[in-house]
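Enquirer: Need coordinates for the below:
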Amino acid sequence: MSGRRGGPGMPPKAAELQTPWIRAQLIEWLIRLSDRGWQEENWMSKDPGSPGLDEALDFFDDSGVLAEPHGRLGFVLVDEEEVEAMQAMNSALDHAISVPSSSDAEIIQTRAWGDVVDASRRALVAMGEKFDS
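Expert: Now for the predicted structure:
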């Protein structure tokens with residue numbers, strides 16, 4: 001890809017998105033979902049009433065970025081690689097939360113949750129973000 005600003009057919013740059021604040025929130029959630037240490041610290045021994053995994057799920061539901069990633073091109077996502085990363089993230093998250101459990105702590109200790117962490121990391125890479133592994 002050249003460094004020129006694109007004409008028709010060129011994917012939008014992050015700065016050209018119509019809802020860049022949703023992209024910023026998406027990146028924040030992906031960083032949290034890619035970080036087991038953060039999850040253990042914030043979700044394993046959480047106080048009742050403090051934000052948990054449900055807050056992340058609410059964001060994904062409200063933004064539609066996982067359910068309808070193609071519809072978020074130009075708004076939150078910039079290219080097909082990001083769409084594919086969100087599709088993989090959606091699949092991993094659906095699988096992990098479909099495992100019977102009684103708490104966020106139980107969910108994040110399942111093998112399926114490891115796929116969510118991995119999918120989050122791949123999504124961050126697709127979005128051009130760096131993360132601490």
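Enquirer: going forward, measure contacts and count neighbours with C-alpha atoms only.
Expert: Noted.
Enquirer: contacting residues around the most centrally placed residue in the chain?
Expert: In the chain, the C-alpha nearest the mean C-alpha coordinate belongs to L30, at 4.0 Å (CA atoms, centre = their mean). Applying CA atoms under 8 Å, 6 or more residues apart in numbering, we find L30 in contact with 120-121, 123-124.
Enquirer: Mind checking which of the residues you listed are buried?
Expert: Buried by 16 or more other CA atoms under 10 Å: 120-121, 123-124, out of the contacts of L30.
Enquirer: Can you add secondary structure and pLDDT and give the contacts of L30 back as TSV?
Expert: What follows is the contacts of L30, written out as TSV (DSSP: H, G, I helix; E, B strand; the rest coil; pLDDT from 0 to 100):
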residue	secondary structure	pLDDT
S120	helix	97
R121	helix	97
A123	helix	97
L124	helix	97
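Enquirer: For those residues, could you give me CSV that also reports distance to H95?
Expert: Converted to CSV, the contacts of L30 look like this (distance: CA to CA, whole Å):
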residue, distance to H95
S120, 14
R121, 17
A123, 17
L124, 20
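Enquirer: Tell me how far the worst-scoring helix or strand of the chain on mean pLDDT lies from the chain's centre.
Expert: Taking mean pLDDT, DSSP states H and E as the measure, the chain has helix 104-108 as its least confident helix or strand, at a mean of 89. Helix 104-108 has its C-alpha centroid displaced from the chain centroid by 17 Å (CA atoms, centre = their mean, to the nearest Å).
Enquirer: And for it, what's in contact with it?
Expert: Contacts for helix 104-108 (CA under 8 Å, 6+ apart): 39-40, 43-45, 52-53, 96-97, 99, 101, 113-114.
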